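# build me a model:
(2 chains)
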Protein chains: 2
Amino acid sequence: MSGTSPEFAIGIDIGGTKIAAGLVDAQGRIVAAAKHQTPRHDPAAVEAAVAAVVAEVGHDAADAPVGVGAAGWMNAEGTEVLFSPHLAWRNEPLQERLERTLDRPVILTNDADAAAIAEHRFGAARGESHLVLLTLGTGIGGAIVINGELRRGRFGVAGEFGHQTIVPEGHRCACGNRGCWEQYASGNALGREGRTLVAAKSPVAYALREAVGDDPEQVTGALVTRLAAAGDPACRDLIVEMGGWLGLGLANLAAVLDPGTFVIGGGLGAASDELIATADARYRASLSGRGYRPYASVVRAQLGADAGLIGAADLARRSVRG
Amino acid sequence: MSGTSPEFAIGIDIGGTKIAAGLVDAQGRIVAAAKHQTPRHDPAAVEAAVAAVVAEVGHDAADAPVGVGAAGWMNAEGTEVLFSPHLAWRNEPLQERLERTLDRPVILTNDADAAAIAEHRFGAARGESHLVLLTLGTGIGGAIVINGELRRGRFGVAGEFGHQTIVPEGHRCACGNRGCWEQYASGNALGREGRTLVAAKSPVAYALREAVGDDPEQVTGALVTRLAAAGDPACRDLIVEMGGWLGLGLANLAAVLDPGTFVIGGGLGAASDELIATADARYRASLSGRGYRPYASVVRAQLGADAGLIGAADLARRSVRG
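A predicted model of the protein is given here:
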């Protein structure tokens, strides 16, 4: 372990709609940033877009390594993308391809893993050795940090919290199974419940119905969250119900992993204090062995949408020794 | 890390009914053994019994350290028993007390953690870096090994797999919650379902009814397992149903932890090939992302009732450097 890590690294967050890049220093600060639309279903175009944003933020940092975070599964070695929901990659040896294209060291990581490292090093979970991060958006992503290190499992795909069955024979999930946790605690769950109310012309959902002109198809989780924040009782009820499911799932994760802190990130996690408070209350009421063991803290993520690229950069920076 | 580990260590397994001790070599072989009844609800008597069995197996191994495994929660440092279901310990500084009594180095560990280390080093999961062990008996105990090391969580109480909620508003559990996994996949679950059949004077449960003289209170999980092994169709159905719940929970654990191997131990895990096979089939049919990721193996534990003391001894032996 001779030598020192470089001063800067480049973090890339490949999302379903955009590719965000940042030149990041050793304190997790973004000192230059760039964005590019994601060319979906075209791996070669994605590589070209990554090269473009790396050139844009990295021209003054020739020795900065690159950390790439993306939704999906990387293999345990971080060399291949096994599967990515937004992209056409299947068993793609992306690390090697990008190293050749960019002429810099490249590491690959799952976006939730990257966000967890960012929150662990610079955000809501500084000083916490055992942390579980949830990215709460349309679904639930997740990552596990134990003794300060990411734990990705034997094959690299740990942390798929959203696809635990929590209601046998429950709602069908896009994964093919029924009753996955993310069918009950996610933006998609809020949207589905909101649509049900609008389709039933529910008299309690007048604000939601008005907002979408009685068209259930226009209801989204984001709309429900927005109306709840504005005080609409029916949408607040949906948030509270969802927070309960979230908390029950946190108690399940605590039974397995016993973390010191749960960090809730993602667009929906950032959206509502009430959601976090409800989840925390249900978690505390549901934790098995409560009274005989300490509670984990349930906190909101601090680094927002930048967490992924900050964490990917940090992983890249620390993986390189001069 | 200078010096070498001692050649032998003493492993102790404190169970609800008996205390088992063994002098164990570096290959996990028991070279001397002793047993003592467990004096329940009397910590001082338990200490005296431990001292007696240590003296019995350790008289020719004065430098052998002692590893003590017990059901219950140890703190993360392994110095205190936070809670033990069979014993009267609450926040008991057992490590220090035993070191003074025995005049040997002592480590404390959870019994499932000890069994996991034994199976990892000498049993069913040799060579497996990422393993999840389940002890299947009246309930479900568990342990997590990642990169060859036990992971006990931030507060020392990880691996309580049996108390994940898998059926919201399901059967009441002794832990106070409802719908815990171990209410569906354990000896107690088998017993409850068998009792229901007998109480209903079910015509399909004639063998079970005959075995208990139509008295539901006489039905146990062990009896159901025995009759199933003898070919009784009603009891086999109960085993198959339970195996399905077991497999569903394994898929949930795989979503979170992504192990390479699940080791199923405990009295019930050892009892039935059909149970393991059914659980494996349901696990494979339920794993989220199946087809895009490798499956973990589901295997039966190899070391039986000795696993706890072998693992406790191994942990003690390797914790001491000469």
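# how about the secondary structure of the residue nearest in space to the middle of chain A?
Residue closest to the mean C-alpha point of chain A, counted by Cα atoms, centre = their mean, is A:Thr135 at 3.3 Å. The three-state label for A:Thr135, taken from DSSP: H, G, I helix; E, B strand; the rest coil, comes out as strand.
# quick one, what contacts it?
A:Asp111, A:Ala112, A:Ala115, A:Gly141, A:Gly142, A:Gly265, A:Gly266, A:Gly269 (Cβ atoms under 8 Å, 6 or more residues apart in numbering or on different chains). C-beta: built from backbone N, CA, C; applies to glycine.
# enumerate the residues of the stretch 51-200 of chain A near chain B.
With Cβ under 8 Å from any Cβ of the partner chain as the criterion, the stretch 51-200 of chain A meets chain B at residues A:73, A:82-83, A:128-130, A:142, A:144, A:146, A:151-161, A:163-168, A:175-177, A:180.
# show me the residues you listed that map onto strands.
A:Trp73, A:Leu82, A:Phe83, A:Gly142, A:Ile144, A:Ile146 (DSSP state E).
# contacting residues around the third one?
For A:Phe83, the contacting residues are A:Gly72, A:Trp73, A:Trp89, A:Arg90, B:Gly289, B:Tyr292, B:Arg293, taking Cβ under 8 Å, 6+ apart as the criterion.
# okay, the second one: pLDDT?
Pointing back at A:Trp73 there. Predicted confidence (pLDDT) for A:Trp73: 88.
# repeat that for the fourth one.
Predicted confidence (pLDDT) at A:Arg90: the value is 79.
# select only the buried ones of the contacts of A:Phe83 in PyMOL?
A single PyMOL command is used to select the members of the contacts of A:Phe83 judged buried by 16 or more other Cβ atoms under 10 Å in any protein chain shown:
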select buried, (chain A and resi 72+73+89) or (chain B and resi 289+293)
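# for chain B, what is the nearest residue in the stretch 201-322 of chain A?
Residue nearest to chain B within the stretch 201-322 of chain A: A:Asp258 (2.5 Å; Cβ to the nearest Cβ).
# tell me the contacts of that residue?
Contacts of A:Asp258 by Cβ under 8 Å, 6+ apart are A:His130, A:Arg293, A:Ala296, B:Arg152, B:Gly153, B:Arg154, B:Phe155, B:Gly156, B:Val157, B:Ala158, B:Gly159, B:Glu160.
# and the first one, how many neighbours?
Read that as A:His130. By other Cβ atoms under 10 Å in any protein chain shown, the residues close to A:His130 number 23.
# ramachandran angles for it?
Backbone geometry at A:His130, expressed as degrees, to the nearest 10, gives phi -120, psi 100.
# what's the neighbour count on the nearest residue to it once chain neighbours are set aside?
If you skip the residues right next to it in sequence, A:His130 has B:Arg154 as its closest partner in space, 3.6 Å away by Cβ to Cβ, 6 or more residues apart in numbering or on different chains. Neighbour count for B:Arg154, taken as other Cβ under 10 Å: 22.
# next: A:Glu47.
A:Glu47 - counted by other Cβ under 10 Å - has 18 other residues nearby.
# what's the first helix or strand after the helix or strand hosting it?
Element membership for A:Glu47 (DSSP states H and E) is helix A:43-58. Counting by DSSP H and E, the next helix or strand C-terminal to helix A:43-58 is strand A:66-70.
# angle of that following strand against helix A:43-58?
Relative orientation of strand A:66-70 with respect to helix A:43-58: 130 degrees, computed using axes from the mean of the first three to the mean of the last three Cα atoms, to 10 degrees.
# separation between A:Gly244 and A:Asp258?
Between A:Gly244 and A:Asp258 the computed distance is 22 Å (Cβ to Cβ, to the nearest Å).
# same question, A:Arg90
Taking Cβ to Cβ, one finds A:Arg90 at 35 Å from A:Asp258.
# what's the answer for A:Ala211, then?
Distance from A:Ala211 to A:Asp258, by Cβ to Cβ: 42 Å.
# what pairs with A:Gly265 across the strands?
A:Thr135 (DSSP bridges).
# just give me the neighbour total for it.
Around A:Gly265 there are 31 residues (other Cβ under 10 Å).
# for it, what are its contacts?
Contacts of A:Gly265 (Cβ under 8 Å, 6+ apart): A:Ala115, A:Glu119, A:Leu133, A:Leu134, A:Thr135, A:Leu136, A:Arg300, A:Ala301, A:Leu303, A:Gly304, A:Ala307.
# what's the offset of the longest helix along chain A from the middle of its chain?
Counting residues, the longest helix found in chain A (DSSP state H) is helix A:233-257. How far helix A:233-257 lies from its chain's middle: 17 Å, per Cα atoms, centre = their mean, to the nearest Å.
# which positions within it qualify as buried?
A:234-236, A:238-257.
# A:Lys35 belongs to a helix?
No - judged by three-state DSSP, A:Lys35 forms no part of a helix; its state is strand.
# could you single out the nearest of the contacts of A:Gly265 to B:Val204?
Comparing the contacts of A:Gly265 against B:Val204 with Cβ to Cβ places A:Leu134 closest, at 44.8 Å.
# quick one: that closest one and A:Ala124 touch, right?
No - here A:Leu134 does not reach A:Ala124: they are 11.8 Å apart, not a contact under Cβ atoms under 8 Å.
# show me which of these two is the more surrounded one.
Neighbour count, other Cβ under 10 Å: between A:Leu134 and A:Ala124, A:Leu134 has more, with 32 against 22.
# tell me the pLDDT of the more buried one.
On the pLDDT scale, A:Leu134 gets 97.
# equivalent analysis for A:Leu87, please.
75.
# now name the helix or strand holding it.
Going by DSSP H and E, A:Leu87 is not in any helix or strand.
# spit out the contact partners of it.
A:Ile14, A:Thr38, A:Arg40, A:His41, A:Pro43, A:Val46, A:Ala70, A:Gly72, A:Val81 are the contacts of A:Leu87 under Cβ under 8 Å, 6+ apart.
# if we can go back for a sec, among the contacts of A:Phe83, which ones are in strands?
A:Trp73, A:Arg90.
# can I get the contacts of A:Phe83 in CSV with distance to B:Ala207?
Listed next are the contacts of A:Phe83 as CSV, based on distance: Cβ to Cβ, whole Å:
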residue, distance to B:Ala207
A:Gly72, 51
A:Trp73, 47
A:Trp89, 55
A:Arg90, 51
B:Gly289, 41
B:Tyr292, 44
B:Arg293, 42
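# and stretch A:63-70, how far from the chain's centre?
With Cα atoms, centre = their mean, you get 18 Å for stretch A:63-70.
# buried ones in that stretch?
The neighbour-count check on stretch A:63-70 (16+ other Cβ under 10 Å) flags A:Ala64, A:Pro65, A:Val66, A:Gly67, A:Val68, A:Gly69, A:Ala70 as buried.
# from A:Asp237, how far out is the nearest residue to A:Phe262 once chain neighbours are set aside?
Excluding its sequence neighbours, the residue lying closest to A:Phe262 (Cβ to Cβ, 6+ apart) is A:Val298, at 4.7 Å. Distance of A:Val298 to A:Asp237, computed by Cβ to Cβ: 21 Å.
# okay, the angle between the helix or strand where A:Ala312 lies and strand A:66-70?
According to DSSP H and E, A:Ala312 maps onto helix A:307-319. Using the same axes, to 10 degrees, one finds that helix A:307-319 and strand A:66-70 are set 140 degrees apart in direction.
# helices and strands around helix A:307-319, which ones?
If you count contacts as 3 or more Cβ pairs under 8 Å, 6 or more residues apart in numbering or on different chains; DSSP states H and E, helix A:307-319 packs onto strand A:8-14, strand A:18-25, strand A:66-70, strand A:106-110, helix A:111-122.
# just the pLDDT at the residue in the stretch 51-200 of chain A positioned nearest to chain B, thanks.
Going by Cβ to the nearest Cβ, chain B is nearest to A:Gly153 of the stretch 51-200 of chain A, at 2.5 Å. A:Gly153 is assigned 96 on the pLDDT scale.
# which residue is the nearest non-sequential neighbour of it?
Per Cβ to Cβ, 6+ apart, closest to A:Gly153 is B:Asp258, 2.5 Å.
# go on, A:Ile10?
A:Val66 (4.7 Å).
# thank you, goodbye.
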